[in-house]
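S.K.: Pasting a predicted model and its sequence here:
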Amino acid sequence: MQLRDVQLGDVDAYVRMRCDPAMMIDLGGPLPREGMEDKVRRDVRSAESGAQWIKMIVLDEADPAVAAGTVTLWSHPEDGEEISEIGWMVLPEFQGRGVGRRAVRALLERARDDGRWGLVHAFPAVTNDPSNGICRSLGFQFLEERDVTFADRVLRTNHWRVDPRAALS
C-alpha cells in the first residue's frame, strides 16, 4: 500500500466518495456533485503547501492513479485550541480488507516521525462501526460522544484521541 498526495486527476474518486449516498450515510448524506473540481483543487494546493496531509490510498503501486480511498490529517481550532484531526474514507470495493486501518496507521506513523501534529483526534459517527473499530484497534482513547459540524451538517460522533508517539512506538 502507498499513500500519495491528492492530485487534480482524483476528481472521480472524490465524487465516488463524497457524492454517493451509501458512502456518505454516516456523514449526513451525499454532497452535491457541483464543486468537486474546486474541492480537489483546494485540497491539492493545501497538500502541496504542507498545511494538510491529504493522501490517496493506493493499493497497486504499479497503478497509482487508482485510489482505494483517502486519509487526511489537518489542524483546526476546536473549543478554543488548535487540534490535529484525522479522517478517512475507503471505497466500497476495498472495504472489509483492512485498507482503512493500514492507511490510518501509516499516516499516524508519519505523524509520529514528523513530530508536528501532537495528539491526533478522530470523530467518526457513532453509527460507523468500522471507523470506530479502527480507532479502537489503533490505540485511540475514547473521550466522549459529541456533536460536530461537517459540511454544514451536525453529526453525532464519538470523539477519540491518540498520541502517535506512544500508541505506535
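M.R.: Received the coordinates, thanks.
S.K.: Bridged to Ile54, which residues?
M.R.: Thr72 (DSSP bridges).
S.K.: Please report how far it lies from Arg41.
M.R.: 12 Å (Cβ to Cβ, to the nearest Å). Where C-beta positions appear, they are placed from N, C-alpha and C, glycine not excepted.
S.K.: Tell me which of those two has more neighbours.
M.R.: Ile54 (23 against 13; other Cβ atoms under 10 Å).
S.K.: The more buried one contacts Ala67, correct?
M.R.: No - the pair Ile54 and Ala67 does not pass the contact test of Cβ atoms under 8 Å, sitting 11.4 Å apart.
S.K.: The nearest residue to Val40 once chain neighbours are set aside: what secondary structure?
M.R.: Spatially, and ignoring its direct neighbours in sequence, Val40 is nearest to Val11 (5.1 Å; Cβ to Cβ, 6 or more residues apart in numbering). When classified by DSSP: H, G, I helix; E, B strand; the rest coil, Val11 comes out as helix.
S.K.: now Met17
M.R.: Note that with three-state DSSP, the state of Met17 is helix.
S.K.: give the contact list for it.
M.R.: By Cβ atoms under 8 Å, 6 or more residues apart in numbering, Met17 lies in contact with 23, 69-70, 89, 91.
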